[in-house]
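> Sequence plus the predicted model coming up.
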Amino acid sequence: MQHEPDSTKTGQISSTGCAERGPEGLDAMFDLIAAGLYNLASMLVGEGEEGAQLVEATIATSEVSVCSDAEQARTKSRRALCRAAIAGLAERNPDSLAAPDGGTAATTCIEDDDLDAAGVSREELERMIGGPDRGRVRTWLEGLPVAVRTVFVLRAVARFSGEETASLLAELGGEKAAGWTPDGVRESFRQGLCSLASQLIHASVR
């Protein structure tokens, strides 16, 4: 998926102060950010046209400078995309991002809400997402409940904290999502991690 960093197309993406990079450098950076956004969008809302449209809308409306600070550009665009994805999921199905009821905590095979608890590092997860096992990982994600999948992607892939994730869900996930708390996010993330650990064990014995 190719995107051109043309201000007439993207509106808010600035190239001020970046002449020294040259057009090829700008294109490469822009495409790298766009590819990362599409990867994230596809895990949240699905692959194909919907994910591509979400990326295009994010780039067109985000106040992002792709050249003054690449990491800041990624962070801002990632947050903007996640906000739009959560709102879109809530519109698609108002019940899908409902907050946990706050009753008895779900029993999971993992105690800690940390990616390492599933036996995989962040670098290994990134290789799984972008490597030969990409299809199997996507199939696994699609099999998770929407709320668990969303929490997992926000925490493990977008790298939001439990507090940030709870705030985004409560703000944008619809009326039934208003009760999301950091504790609820931790519980849902542990469910996702437990499922991931089971998948890894299954794959290792095949």
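Okay, I see it.

> so what pLDDT did the residue nearest to Q199 when sequence neighbours are not counted get?
Spatial nearest neighbour of Q199, chain neighbours left out: W140 (5.3 Å); criterion: CB to CB, 6 or more residues apart in numbering. Where you see a C-beta, it was placed from the backbone N, CA and C, and this is true even at glycine. W140 is assigned a pLDDT of 90 by the prediction.

> just checking, next helix/strand downstream of the helix or strand hosting W140?
Taking DSSP states H and E as the definition, W140 sits inside helix 134-142. Where DSSP H and E defines the elements, the next helix or strand beyond helix 134-142 is helix 146-152.

> Any idea how far that next one is from the middle of the chain?
Chain-centre distance of helix 146-152: 10 Å, with CA atoms, centre = their mean, to the nearest Å.

> and what of stretch 171-189?
Here stretch 171-189 is found 16 Å from its chain centre; the criterion is CA atoms, centre = their mean.

> pLDDT score for V146?
V146 is given a pLDDT of 96.

> which residues does it contact?
L89, N93, S96, L97 (CB atoms under 8 Å, 6 or more residues apart in numbering).

> Roughly how far does the residue nearest to Q199 sit from A158?
In this view, W140 and A158 are 18 Å apart by CB to CB, to the nearest Å.

> A178 too?
On the measure of CB to CB, A178 and A158 end up 21 Å apart.

> more neighbours, the two?
Comparing A178 with A158 by neighbour count (other CB atoms under 10 Å), the higher total belongs to A158, at 19 against 12.

> Now P132. Its backbone dihedrals?
phi -60, psi -20 (degrees, to the nearest 10).
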